[in-house]
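Generate a structure from the sequence data that follows.
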Amino acid sequence: MRATYRDDEDVARLHIESLLERHRAQVDALPEHLRRIHGRRVARSLAGAVALGGALTAAVLSAASVIADDVQVPIVARGVGTVALVGAWAAVAIAYAVGRLLARAQLRDALAREVRRSGDVHSDRARLEAAAPEARARALVEEEERRSVALPLAGFAVLAPLSIHLAFHVLRCSAMPDLVHQLLDFDGWIVLSLILVGHVHAIVAYLSFSYARRLRESSMDELIATPPPGGPRALGIAILASLFPGAILVLVPPILVALTGALVLLPAFHAAYRRVLHERRQLSAR
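Below is the predicted model:
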């Protein structure tokens, strides 16, 4: 009886070796577009999260800088919020590069878990027989779709407007002799923007997550025939939200929101839609 049991285990071990060879071959044969799309989606998710964090950091540091300047207490350096705003873009680029590396490690680890030995040859054989590397890779790609739209869209929609304002501020002050001094004063504009339209940034971030959910829930045919409302809807809601307190400030905030939003929201939401459509077409191709 014991000999029979050992024979069964020997047969199972031999079968496991052949299954491992099959699994390695299937991993090597994974379509390149699966690896590429997964890497880009993970990278976009991480970069978007860093963009959101960068915008929040710039706002907090700007507020601290303005308060410190008012009370004449050197809590933080003057202009630190503006520096954080510029630095956020560098952090986003680094996060994207790191995200590509993390995506490779994540995919490698997910596929390795399918062949990890447990010590029980029979359960290992059953798990290996059911292993499907391509299906697992596709599941990872699909799980990342919503995050890869929501986070970068929200991050860009929050970070880009202040960056555009900073660019115009640089152009306006470029001819002034005290350019550095003027640039450091941009912290005050960040705080003023936070007070007047901070709620608009929060609403736009929410709309970005809502749009990502709608895209994820839509089939390919629905995306082509009746795409969910994106940029124009977000821009309209943002303008309406800016009417308070914009209506009592000679409509300056709504005008700024309309101009900046047209430059940021319309192309950003459209690009997110086109990206999802393009990636889904690649994933449906065999």
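
what's the spacing between the residue nearest to Ala285 when sequence neighbours are not counted and Glu279?
Among residues not flanking Ala285 along the chain, His33 sits closest, at 7.6 Å (C-beta to C-beta, 6 or more residues apart in numbering). (C-beta placed from N, C-alpha, C; glycine too.) For His33, the distance to Glu279 (C-beta to C-beta, to the nearest Å) stands at 9 Å.

more neighbours, the two?
Neighbour totals were compared for His33 and Glu279, and Glu279 leads with 18 against 13 (other C-beta atoms under 10 Å).

what about the more buried one, is that helix, strand or coil?
Secondary structure, DSSP: H, G, I helix; E, B strand; the rest coil: Glu279 is helix.

what about it, distance to Arg41?
Distance of Glu279 to Arg41, given as C-beta to C-beta: 8 Å.

what touches both of the two?
Glu145 (C-beta atoms under 8 Å, 6 or more residues apart in numbering).

residues in contact with Leu192?
Leu192 touches nothing, counting by C-beta under 8 Å, 6+ apart.

could you say which helix or strand contains it?
Using DSSP states H and E, Leu192 maps to helix 186-217.

low-confidence ranges in the stretch 51-200 of the chain?
Applying pLDDT under 70 to the stretch 51-200 of the chain picks out residues 70-76, 118-120, 122, 124, 177-181.

which residues of it fall in strands?
In the stretch 51-200 of the chain, no strands are defined using DSSP state E, counting those that start in this stretch.

mind listing what's buried in the helix or strand where Gly48 lies?
Gly48 is part of helix 32-71, with elements assigned from DSSP H and E. In terms of neighbour count (16 or more other C-beta atoms under 10 Å), helix 32-71 has its buried residues at 34, 37-55, 57-66, 68-69.

cool, stretch 234-245 as well?
Quick answer for stretch 234-245 (16+ other C-beta under 10 Å): 234-235, 237-239, 241-242.

For Leu18, give me its contacts.
For the record, residue 18 is Ser, not Leu. Going by C-beta under 8 Å, 6+ apart, the list of residues near Ser18 is empty.

Give me the distance between Leu259 and Ser284.
39 Å.

for Gly155, same thing?
28 Å.

neighbour count winner among those two?
Taking other C-beta under 10 Å, Gly155 and Ser284 do not tie; Gly155 has more neighbours (27 against 8).

quick one: that one from Phe244, how far?
For Gly155 relative to Phe244 (C-beta to C-beta), the value is 25 Å.

now Gln26
Counting by C-beta to C-beta, the separation of Gln26 from Phe244 is 58 Å.

Which strands and helices lie in contact with the helix holding Gly48?
On a contact count with 3 or more C-beta pairs under 8 Å, 6 or more residues apart in numbering; DSSP states H and E, helix 32-71 meets helix 80-113, helix 133-173, helix 186-217, helix 252-284.

was I right about Asn33 contacting Arg280?
No, residue 33 isn't Asn; it's His. No - checked against C-beta atoms under 8 Å, the pair His33 and Arg280 is beyond contact range at 11.4 Å.

Look up how far Val257 lies from Gly53.
23 Å.

show me the contacts for the spatially closest residue to Val170 that is not a sequence neighbour.
Excluding the flanking residues, the one nearest Val170 by C-beta to C-beta, 6+ apart is Leu183, at 6.8 Å. Neighbour list for Leu183: 79, 82, 169-170, 173 [criterion: C-beta under 8 Å, 6+ apart].

Of these, keep whichever come out buried.
By neighbour count, with 16+ other C-beta under 10 Å, these hold 79, 82, 169, 173 as buried.

Mind checking the helices and strands packed on helix 32-71 for the one nearest to Leu223?
helix 252-284 (5.7 Å; C-beta to C-beta).
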